[in-house]
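Visitor: The following block contains a protein sequence and its predicted model.
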Amino acid sequence: MADWLDTCHPDVRVVLEYWQRKCAGRAMPSRSDIDPSELRNFLPHITLVDVVDDPRRFVYRLIGTAEVELRGYDPTGKAVADAYFATSAEEALKHYEATRTSRTPHYIADPFQAVDRFIGEEDLFLPLSNDGETVNMIMVFSISRDLFQSDDDAD
């Protein structure tokens with residue numbers, strides 16, 4: 001068991017367990033194995049990223065509503081390198097590439113500065129494959145919060 005499973009947000013474990021069930025003995029599930037109705041409570045925090053064979057490499061296909069709100073815009077259709085939400089494009093791409101090449105879940109806990117606020121974030125990158133071998137999409141589940149927001153502000 002990975003060390004981060006002991007300290008991650010409980011919802012991260014739930015989404016990971018869902019992905020593992022959908023593997024059904026394969027290295028990774030396909031996008032068609034993922035049923036949005038089974039992830040209803042998590043959809044606002046899910047991003048789907050296509051893995052493409054051109055210089056863009058990773059392209060946002062779908063962004064959950066909570067992710068759009070946190071970013072302040074919807075990057076659907078843009079390359080991750082051009083519309084990342086991390087400390088740098090290199091940092092963002094590193095995690096997508098690690099997921100693509102390892103073909104296994106990839107977890108990060110990464111607080112970072114985003115323009116005018118400090119974001120605390122946990123991301124779970126989950127590879128998806130149409131053929132069971134090549135990663136053609138990455139599903140990202142993110143738990144984020146504004147670290148400048150006090151508990152009183154959250155109410």
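Guide: Nice, thanks for sending it over.
Visitor: What spatial separation is found between the nearest residue to His9 once chain neighbours are set aside and Asp131?
Guide: What sits nearest to His9 in space, not counting adjacent residues and going by Cβ to Cβ, 6 or more residues apart in numbering, is Ile143, at 4.6 Å. Just so you know, the C-beta spots here come from the backbone N, C-alpha and C atoms, and that holds for glycine as well. Spatial separation of Ile143 from Asp131 under the definition Cβ to Cβ, to the nearest Å is 30 Å.
Visitor: Also Leu16?
Guide: 22 Å.
Visitor: Between those two, tell me which one has more neighbours.
Guide: Neighbours around Leu16 and Asp131, counted as other Cβ atoms under 10 Å, are more numerous at Leu16. The numbers are 19 against 9.
Visitor: Mind pulling up the pLDDT for the more buried one?
Guide: Model confidence at Leu16, given as pLDDT, is 96.
Visitor: Give me the distance between it and Leu126.
Guide: Between Leu16 and Leu126 the distance is 7 Å, computed by Cβ to Cβ.
Visitor: same check, this time on Phe58
Guide: 14 Å.
Visitor: Name the residues contacting each of the two.
Guide: Listed as contacting both Phe58 and Leu126 by Cβ atoms under 8 Å, 6 or more residues apart in numbering are Ile138.
Visitor: where in the chain is pLDDT low?
Guide: Applying pLDDT under 70 to the chain picks out residues 1, 111-120, 145-155.
Visitor: what are the ranges of the helices in it?
Guide: 10-23, 65-71, 80-83, 89-102, 151-154 (DSSP state H).
Visitor: hang on, isn't Tyr96 packed against Asp123?
Guide: No. The criterion here is Cβ atoms under 8 Å, and Tyr96 misses it with Asp123 at 10.3 Å.
Visitor: Skipping adjacent residues, who's closest to the most centrally placed residue in the chain in space?
Guide: Ranked by distance to the mean C-alpha position of the chain (Cα atoms, centre = their mean), the top residue is Val140 at 1.7 Å. Using Cβ to Cβ, 6+ apart and skipping residues adjacent in sequence, the residue nearest Val140 is Thr47, 4.4 Å away.
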